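> Dropping a prediction and its sequence here:
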Amino acid sequence: MARLHVMERSDEQVVMDNLHKAIERRLSVSSLAPCPVEFTAAFVEMCATQSCGKCTPCRVGLNLLKELMDSVLDGTAEPYTLDLIEETARTIYLTADCAIGYEAGEMALEAIRGFRDDFEYHLQHHACGFSQSQLVPCVSGCPAGVDIPGYISLVEAGRNTDAVRLIRADNPLPLVCGYVCEHPCEMHCRRGMVDDPMNIRGLKRYAVDHMEHDYRPDMAEPTGKRVAVVGGGPAGISCAYYLAVMGHDVTIVEARHHLGGMLRYGIPSYRLPRELLDSEIQWILDCGIHVRLDEKVSDLTELRRDFDAVYLAIGAHSDRKLGLEGEDAEGVVSAVQMLRQIGDGDIPDFSGKRVCVIGGGNVAMDVARSSVRCGADKVTIVYRRRVADMTAQDEEIAGASAEGCELLELNAPMRIATKDGHVTGLVVQPQIIGGPRGGRPAPRPADAPERTIPCDLVLVAIGQAIESAPFGAQGIPTSRGRIVADKDGSIEGFDGLFSGGDCVSGPATVIRAVNAGKVAASNIDNYLGFNHVIDKNSLQMPTVQFKGKISCARCEMTSREAADRKEDWKLVENGLTKEEALQEASRCLRCDHFGFGAFRGGRIMQW
């Protein structure tokens with residue numbers, strides 16, 4: 001009789017693996033709807049099923065914790081129950097033998113502390129007090145509230161112009177977002193529970209690339225009111241567009257040579273071609289918007305006197321300093337400065353130079369990949385954390401790596417080596433990753449000596465600052481360099497003055513800036529004494545049909561070969577083909593019509 005046997009996967013193991021994958025897909029869809037109390041109770045119950053039974057805190061404690069949470073949900077809990085839940089979770093966390101128990105206890109402890117108000121509401125009212133989203137998941141995940149299921153159905157029907165028209169009801173920059181949006185909506189797509197989330201950005205780009213004809217928006221009657229928008233970035237342009245559609249006379253005042261803000265001066269043309277950006281901006285300006293370029297505003301007195309309302313959207317265009325020795329040497333350049341120069345069409349020559357880029361965000365990837373196109377002999381991205389902790393999008397990191405950029409993780413810049421005032425290298429201290437701080441694993445110095453990375457240029461991409469000081473000097477409230485505005489965009493103590501975008505939120509995404517401009521336009525319109533409505537009902541939507549539950553993988557956009565694309569500034573990413581777009585659009589589950597979405601009211605047709 002054999003003593004040992006070759007391990008083979010049983011049918012039961014295959015089924016269990018499939019269950020694990022289904023749970024993983026379900027949890028990866030970041031839902032905005034569940035009650036925190038119900039979700040925590042379900043989490044604890046699932047963890048209890050994993051217990052091996054060896055230690056009492058896990059075997060008994062998790063089941064007891066689940067019973068206590070169930071009592072909160074069914075209305076039989078007593079006032080002391082919440083303290084008992086917290087103490088039980090804390091005990092499990094501190095005394096369980098393995099990760100199955102103590103990790104479950106830690107998460108339950110965070111939940112009872114973080115959602116205490118929701119637990120108390122259940123206790124007092126025997127109902128959920130959690131403010132649930134009234135929109136379908138993908139729309140809830142879109143900062144601008146774009147009608148995603150609606151325009152996907154129009155793409156599937158071959159009505160691309162109507163799809164763009166529907167997008168512009170909430171986002172006047174569909175072309176820009178089709179190329180560079182970080183697509184947070186896809187994190188919430190329920191198709192991810194079945195196989196893969198929808199390629200929402202890819203479908204948006206397909207729609208704008210394949211419009212059957214141009215169109216003009218429906219304009220309201222002129223109101224006679226004048227509004228000044230200070231800043232021509234995505235927030236300012238969005239606000240100006242909606243105010244113009246509402247019938248107001250809008251003037252954009254921009255400090256630089258061109259409109260676009262960080263769309264032009266922060267995103268290289270290989271990601272967002274300049275001719276496409278210019279065409280979208282011009283389409284918006286043709287709505288009757290006036291522009292004053294090369295006019296930097298630092299004193300708002302004249303604008304507030306000459307206009308009925310002012311929207312301040314100056315963005316975040318200043319660079320941040322490292323605070324390191326040698327930072328003032330020749331050859332140290334901020335990412336903001338470099339991208340601004342490229343945005344104005346002045347391409348620097350890095351031929352034969354060795355470049356070090358400090359940072360791990362999208363801007364760091366942009367300047368690294370731009371350096372390759374500027375002829376750099378070698379580009380090294382230096383980051384004090386791991387590559388896995390970088391804030392840049394995965395596709396941007398992969399793109400930089402494919403184009404020859406070296407990713408040097410776990411190395412903290414210490415000082416810049418110089419000779420005769422010129423950069424000769426970047427001195428770094430190797431790091432070791434540790435426990436979390438500020439939501440991410442924090443590095444600390446490793447037991448290793450400093451080393452010098454030879455280089456001729458150091459590009460600093462550690463974030464952007466806001467030129468808010470001149471406005472703060474006028475009494476406009478600021479905090480940590482940001483302008484302080486209410487949720488409606490208004491600034492307390494300054495009648496008719498509104499603000500939004502990066503100068504309020506700090507450096508953020510394009511779609512968040514669009515949302516800021518949309519919110520400000522609506523509230524400025526109200527301030528001026530009107531209540532104009534952006535209505536989508538003029539579009540006849542395709543009939544919704546149930547297509548079944550057939551699994552189908554997601555169509556991804558491809559890129560040009562790295563060896564070719566790094567030699568020019570042409571667009572890197574290829575759009576979806578017609579076949580891919582139609583197949584991808586057909587995967588939409590239409591959550592606005594079936595199940596949850598229909599129950600909550602379906603699509604929002606006006607704002």
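It's in.

> Go through whichever strand in the chain runs longest and flag the buried ones.
For the chain, the strand that runs over the most residues, judged by DSSP state E, is strand 422-437. For strand 422-437, a neighbour-count test (16 or more other CB atoms under 10 Å) marks Val423, Thr424, Gly425, Leu426, Val427, Val428, Gln429, Pro430, Gln431, Ile433 as buried. No exception for glycine: its C-beta is placed from N, CA and C like everyone else's.

> Which members of those residues are the farthest-apart pair?
The span of these, defined through CB to CB, is set by Thr424 and Ile433 at 29.2 Å.

> can you list the buried residues of strand 422-437 in CSV and add pLDDT and distance to Gly493?
Formatted as CSV, the buried residues of strand 422-437 follow (pLDDT from 0 to 100; distance: CB to CB, whole Å):
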residue, pLDDT, distance to Gly493
Val423, 96, 46
Thr424, 96, 51
Gly425, 97, 50
Leu426, 97, 46
Val427, 97, 48
Val428, 97, 47
Gln429, 97, 47
Pro430, 97, 50
Gln431, 97, 45
Ile433, 95, 46
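
> from those, which is closest to Gly75?
Nearest to Gly75, judged by CB to CB, of the buried residues of strand 422-437 is Ile433 at 45.5 Å.

> got a list of what that closest one touches?
Neighbour list for Ile433: Arg385, Arg386, Asp389, Leu410, Pro441, Ala442, Pro443 [criterion: CB atoms under 8 Å, 6 or more residues apart in numbering].

> Sort out which one of these lies nearest Val250 for me.
For those, the nearest to Val250 is Asp389 (42.0 Å; CB to CB).

> What is the neighbour count of Glu467?
Counted with other CB atoms under 10 Å, residues neighbouring Glu467 total 16.

> all helices of the stretch 401-550 of the chain, in order?
In the stretch 401-550 of the chain, the segments counted as helices under DSSP state H, counting those that start in this stretch are 469-472, 502-505, 510-527.

> Was I right to think Val533 contacts Ile604?
No - applying CB atoms under 8 Å, one finds Val533 not in contact with Ile604, separated by 11.8 Å.

> Which of these two has more residues huddled nearby?
Counted by other CB under 10 Å, Val533 and Ile604 do not tie: Ile604 has more neighbours, with 17 against 12.

> Contacts only, for the more buried one.
For Ile604, the contact set (CB under 8 Å, 6+ apart) comprises Leu135, Val139, Gly145, Asp147.

> ranking these by neighbours, who comes first?
Per-residue neighbour counts (other CB under 10 Å) across the contacts of Ile604 peak at Asp147, which has 27 neighbours.

> Let me see the contact set for that residue.
Val139, Leu166, Ile167, Ala169, Asp170, Lys536, Arg603, Ile604.

> 10 Å instead?
With contacts defined as CB atoms under 10 Å, 6 or more residues apart in numbering, Asp147 is in contact with 135-136, 138-139, 153-154, 163, 166-167, 169-171, 536, 539, 541, 592, 603-605.

> Out of the helices of the stretch 401-550 of the chain, flag the one nearest Arg271.
Arg271 lies closest to helix 510-527 among the helices of the stretch 401-550 of the chain, at 11.4 Å (CB to CB).

> among the helices of the stretch 401-550 of the chain, which is nearest Lys321?
Between Lys321 and the helices of the stretch 401-550 of the chain, the tightest spacing by CB to CB is seen for helix 469-472, at 15.2 Å.

> Give the buried residues for the closest one.
Residues Phe471 are the ones in helix 469-472 that count as buried (16+ other CB under 10 Å).

> and that helix, what other elements does it pack with?
With contacts taken as 3 or more CB pairs under 10 Å, 6 or more residues apart in numbering; DSSP states H and E, helix 469-472 sits against strand 478-479.

> Below-threshold pLDDT in the protein: ranges please.
Applying pLDDT under 70 to the chain flags residues 1, 30-33, 130-134, 548, 595-602.

> From Thr223, how far off is Asn515?
24 Å (CB to CB, to the nearest Å).

> who's more crowded, the two?
Counted by other CB under 10 Å, Asn515 and Thr223 do not tie: Asn515 has more neighbours, with 25 against 18.

> how close does that one sit to Arg603?
To Arg603, Asn515 is 18 Å away according to CB to CB.

> burial count for the nearest residue to Ile511 once chain neighbours are set aside?
In space, and not counting its chain neighbours, Ile511 is closest to Pro143: 5.0 Å by CB to CB, 6 or more residues apart in numbering. Applying other CB under 10 Å, we find 22 residues neighbouring Pro143.

> Ok, Cys552 next?
Neighbour count for Cys552, taken as other CB under 10 Å: 14.
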